[in-house]
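>>> let me see the structure of the following:
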Amino acid sequence: MLNVDYSYCQSEQKLLVERFLNEWHNESDSITAKSSGSTGEPKEITLKKSSMILSAQRTLNHFKSKTGSNAFLCLSPETIAGKMMIVRSIVGKLNLFVGDSTAKLNIPSNFTIELCAMVPMQLMYILENTPSQLDTIRINLIGGGPISTAAIDLLHSTGHLAYHTFGMTETISHIALRPIGKITEPHFTVLPDVEIDEIDGKLVINDHLLDSGPIQTNDLIIIIDDSHFEWIGRADFVILSGGKKFYTEEIEMKIQELITFPFFISALDDVHLGQRVVLCVESEKSIPFKKEQFSALLASHEIPKEVFHIHTFVRTLSGKIDRIRTKELIQDCVVEKIL
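This next block holds a predicted model:
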């Protein structure tokens with residue numbers, strides 16, 4: 001029986017964990033999960049419990065996690081990442097300590113945490129406010145979106161080693177990892193039994209451990225070799241401006257040092273360019289930007305033409321910015337030209 005400690009969380013998170021445990025222990029051989037919804041409406045996906053067990057065991061084997069060690073859950077059990085932290089604890093006979101799925105975490109400090117998973121927003125909050133909280137974590141899995149170079153630099157200064165994960169609900173969990181922080185590698189390395197390919201530049205995943213067949217993703221990648229790939233961005237967010245293709249995540253990485261607030265790059269229809277690049281910033285007040293700030297970092301058509309100041313971004317359960325729904329808010333927010 002799983003040993004669970006709820007002393008680090010509120011009652012709502014406890015109820016979600018207990019709900020998942022009831023579903024896990026019922027007579028059905030599968031559970032229903034939802035995709036993140038960051039690129040459209042969330043989809044319901046049926047996952048076999050046997051496949052989830054195999055995926056959990058692969059992670060435990062990869063990190064040589066030992067029976068009786070401690071895991072910390074600070075993600076919602078309604079997400080696949082949260083579900084899998086619970087399943088790993090069950091399969092590996094780990095002691096599960098449950099925290100809230102908020103940015104500000106209350107991480108246990110009086111014992112070693114073998115396994116933890118968090119989203120980039122939680123990691124950045126800790127690095128900027130209480131980096132010593134990371135000292136007790138041996139394996140820290142960071143997923144749910146890109147990780148800024150600022151976060152990686154802060155990680156490096158702490159000496160903490162974390163792992164950027166790549167995966168989705170359809171793959172049950174991460175299928176590739178890359179070290180960040182104390183040791184940082186630019187490319188993802190796939191886990192055992194995972195084959196990768198690409199069609200039109202988009203990643204195809206074939207996980208023989210789960211026997212689910214090839215999964216065509218919408219992730220733009222560059223394959224380095226059979227075991228390594230570089231992630232470029234989502235094909236959903238490619239911008240066609242002035243006859244050229246631009247990748248929103250690539251632009252965001254180039255300009256992240258300029259903007260301290262949460263932000264993302266998007267596009268609006270344009271009579272002359274087809275689409276024009278715009279910048280969306282989560283801020284209650286107007287932040288002036290000049291074209292010169294961007295010109296040293298971006299090509300001319302990559303430079304945002306306008307900046308939209310949005311009070312609060314829409315986010316998914318896993319903490320990702322919901323770009324589609326947030327973009328719908330720009331008609332009611334402050335807009336400034338970048339001159």
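
>>> quick check: which ranges of the stretch 201-339 of the chain have low pLDDT?
For the stretch 201-339 of the chain, applying pLDDT under 70 flags the ranges 339.

>>> now with 80, please.
Along the stretch 201-339 of the chain, the parts satisfying pLDDT under 80 run over 272, 317-319, 331-332, 334, 339.

>>> mind listing the helices for it?
Ranges of helices within the stretch 201-339 of the chain are 248-255, 291-295, 323-327, based on DSSP state H, counting those that start in this stretch.

>>> pull out the buried positions in the longest one.
Neighbour-count burial for helix 248-255 flags 248, 249, 250, 251, 252, 253, 254, 255 (criterion: 16 or more other CB atoms under 10 Å). In this view, the C-beta of every residue, glycine as well, is placed from N, C-alpha and C.

>>> which of those residues sits closest to residue 317?
residue 249 (20.6 Å; CB to CB).

>>> give the closest residue to that closest one in space, chain neighbours not counted.
In space, and not counting its chain neighbours, residue 249 is closest to residue 233: 3.6 Å by CB to CB, 6 or more residues apart in numbering.

>>> just to revisit the earlier point, quick one: the helices of the stretch 201-339 of the chain as JSON lines, columns for distance to residue 13 too.
Formatted as JSON lines, the helices of the stretch 201-339 of the chain follow (distance: least, CB to CB, whole Å):
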{"stretch": "helix 248-255", "distance to residue 13": "30"}
{"stretch": "helix 291-295", "distance to residue 13": "41"}
{"stretch": "helix 323-327", "distance to residue 13": "24"}
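
>>> looking at those helices, which is closest to residue 2?
helix 323-327 (35.4 Å).

>>> which strands and helices sit next to the closest one?
strand 263-270 (3 or more CB pairs under 8 Å, 6 or more residues apart in numbering; DSSP states H and E).

>>> ok, now which ones touch the closest residue to residue 8 other than its chain neighbours?
What sits nearest to residue 8 in space, not counting adjacent residues and going by CB to CB, 6+ apart, is residue 99, at 4.4 Å. For residue 99, the contact set (CB atoms under 8 Å, 6 or more residues apart in numbering) comprises 8, 9, 13, 72, 73, 74, 105, 106, 107.

>>> okay, domains of the protein per the record?
4-191, 242-337 (automatic domain parsing).

>>> how near is the closest residue to residue 48 other than its chain neighbours to residue 23?
Leaving out its chain neighbours, the residue that sits closest to residue 48 by CB to CB, 6+ apart is residue 30, at 5.1 Å. Noted for residue 30: a distance of 10 Å to residue 23, by CB to CB, to the nearest Å.

>>> just residue 225 next, same as before
40 Å.

>>> more neighbours, those two?
Neighbours per residue (other CB atoms under 10 Å) separate residue 225 from residue 23, with residue 23 holding more: 15 against 8.
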